[in-house]
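>>> need coordinates for the following:
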Amino acid sequence: MKPEHWESIIAKHLDGVATIDEVAELSAAIEADESVRSHYVQMARVHAALATSPAGTGRVVSLPEERPFWRKGWMKAAALFVVGFAVFAMIWFRGDSLAVIKDVNGAVRWTRIDGKTRYFDSAGASVSAGTIESMTPDSSATLTFADGSTVTVSGQSNLMISNDDGKLLSLRKGVLFASVVPQASSQPVRLTTTAAELTVLGTRFEVFADQTQTKLSVNQGRVALQRVSDDTSVEVQAGYQTEALFTTEAPLQVTAIPNPAGTWTADLEHDVDHGRWVPVESLLRIELRRDIGAGLVQEKNAREVYAERLSNISDGSGAIFAAPVRNQRETLYFSSLSAKRNALSPIVLGAEARFRIQGKVSLPSEIVIGVTATNPERLTSGRFSAERQVEGDFDIEVPVHELHTATQRAVGLELLSWFCFTSQREAKLAITGVDLIVD
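Take a look at the predicted model:
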């Protein structure tokens, strides 16, 4: 892109009139291109200087158009991340070590602000300002800061880390657990997401974030949460939770964390974290076309056959088709489901519980079924899995006590996410149902 292109978008962003797509494009460019970062910082300084000039010095300002509530929220949240990148661009060259990798599971990548990357397969490395990504649905990483505070990201998460007086963290997406030692009131830990800003002086808490919501649960101490879209704020104490959404102007609600549940039925359409959701209507149309082509159904009867088949299927049915994920060594085909996005209660994996999984493969395949889960203190998370051979339409059960790492089983842990993958692209792995059941 020509410099004039970025100058125009940066100017629109600083004036608050850039579109959502333009802000997203600018954010990606700032992350990838040193010249764009430098240009943004230079223009931001000029913009800041002009902002302090006396009012009414010749600038013509039009009345802002009325925007929907959610649109204003998106714009503000996107701006926070772009400004965050600008801050990183100004301080990354200090190269200070901010944290040490304490634990790693799966594919984890560190990217410095200058674009240099490193994959971690073991603990012990030091990291400075930049972005840490747990890149696959079954990966996680734990960082320890100099003061003893720890942060864990799990699943496909993206966390930016910097240091400006106090610790600055920006969670773009994913699940984060933090145990923060007491901080000076003038230097709190600050965590931003697309929907909220959190201020922490010393506590243990959990955050789930995606593009539309942020869920906060506090296990110890207190955390202040401010909703980005309207600056509404609440203080959440130990044993309580809250949720910030873009799509509502309703007051923030602080509620007690419910007692754990021992069962779970995945809502495939809304819980999907990775994979391609296809509703049952589309699946039936595909099936019907095949049956017509094979001579099993006459085309003139297609409408009636479709209606009859649809009437025998429950609402919300469909399938998640596995989508590729690239780690350091190979491409795997994953489906994964969040147990945090929509669950009303924490879900604990009991010794007698088992997962029932329904799905389909195009050829006999080995699949890996697993969960990411955390201990009750939420200090670490891990990946627990088992293998199965499947073919055609399958309906299998996997006891929780069979899900394991090299040294630990998943029994008694809190469920974060469920996943299934294969290394065979031709298998066309599709998941049609996931339940955690207990007799």
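>>> point out where the stretch 301-439 of the chain drops to low pLDDT.
Within the stretch 301-439 of the chain, the segments meeting pLDDT under 70 span 315-316, 378-380.
>>> let's see that with 50 instead.
Along the stretch 301-439 of the chain, the model assigns pLDDT under 50 to no residue.
>>> show me the helices in it, by range?
Under the criterion DSSP state H, counting those that start in this stretch, helices of the stretch 301-439 of the chain are mapped to 302-311.
>>> now do the contacts for residue 439.
By Cβ atoms under 8 Å, 6 or more residues apart in numbering, residue 439 lies in contact with residue 352. Heads up, the C-betas are built off the backbone N, CA and C, glycines and all.
>>> mind checking how far it is from residue 401?
14 Å (Cβ to Cβ, to the nearest Å).
>>> repeat that for residue 122.
Per Cβ to Cβ, residue 122 is found 28 Å from residue 401.
>>> compare those two (neighbour count), which wins?
Using other Cβ atoms under 10 Å as the criterion, residue 122 and residue 401 rank with residue 401 on top: 16 against 8.
>>> if I look at the more buried one, how far off is residue 375?
To residue 375, residue 401 is 16 Å away according to Cβ to Cβ.
>>> quick one, domains of the protein?
Per automatic domain parsing, the structural domains of the chain span 3-68, 97-256, 264-275+322-437.
>>> what's the closest of the ones you listed to residue 288?
Nearest of the domains of the chain to residue 288, taken as Cβ to Cβ: domain 264-275+322-437 at 16.6 Å.
>>> for that closest one, how far is the first residue from the last?
In domain 264-275+322-437, first residue to last residue: 7 Å (Cα to Cα, to the nearest Å).
>>> which one is residue 199 nearest to, not counting chain neighbours?
Among residues not flanking residue 199 along the chain, residue 224 sits closest, at 4.3 Å (Cβ to Cβ, 6 or more residues apart in numbering).
>>> the most centrally placed residue in the chain is in what secondary structure piece?
Centroid check for the chain by Cα atoms, centre = their mean gives residue 174 as the closest residue, at 2.5 Å. In the assignment (DSSP states H and E), residue 174 maps to strand 166-180.
>>> other residues contacting the helix or strand that that strand is followed by?
Scanning forward in sequence from strand 166-180 by DSSP H and E, the next helix or strand is strand 189-192. With contacts defined as Cβ under 8 Å, 6+ apart, strand 189-192 is touched by 80-81, 84, 149, 166-171, 176, 178, 180, 183, 197-201, 207, 228.
>>> over to stretch 105-112?
Residues outside stretch 105-112 that contact it (Cβ under 8 Å, 6+ apart): 92, 101, 117-121, 125, 127-136, 138-141, 327-328, 381-383.
>>> mind running it again at 7 Å?
The contact list for stretch 105-112 (Cβ atoms under 7 Å, 6 or more residues apart in numbering) reads 92, 117-120, 127-128, 130-136, 138-141, 327-328, 382-383.
>>> and for stretch 318-329?
Outside stretch 318-329, the residues that touch it by Cβ under 7 Å, 6+ apart are 107, 119, 135-136, 268-269, 272, 274-280, 283, 331-335, 421-422, 428-432.
>>> from residue 338, how far off is residue 298?
43 Å.
>>> among these two, which residue is more densely surrounded?
Ranked by neighbour count (other Cβ under 10 Å), residue 298 and residue 338 place residue 338 first, with 26 against 10.
>>> re the thing from before, which of the contacts of stretch 105-112 fall in strands?
Secondary structure from DSSP state E places 117-120, 127, 130-134, 140-141, 382-383 of the contacts of stretch 105-112 in strands.
>>> what about the residue nearest to residue 149 when sequence neighbours are not counted, how many residues nearby?
Leaving aside its sequence neighbours, residue 149 sits nearest to residue 180 (Cβ to Cβ, 6+ apart; 4.6 Å). The local packing of residue 180 (other Cβ under 10 Å) involves 24 other residues.
>>> hmm, back to that, now the contacts of stretch 318-329: which count as buried?
Among the contacts of stretch 318-329, those buried by neighbour count (16 or more other Cβ atoms under 10 Å) are 107, 135-136, 268, 272, 274-275, 278, 280, 283, 332-335, 421-422, 429-432.
>>> strands - which of those land there?
If you go by DSSP E, the buried ones among the contacts of stretch 318-329 have 272, 274, 278, 332, 333, 334, 335, 421, 422, 430, 431, 432 in strands.
>>> and of those residues, the nearest to residue 113?
Among these, residue 274 lies closest to residue 113 (Cβ to Cβ), at 26.9 Å.
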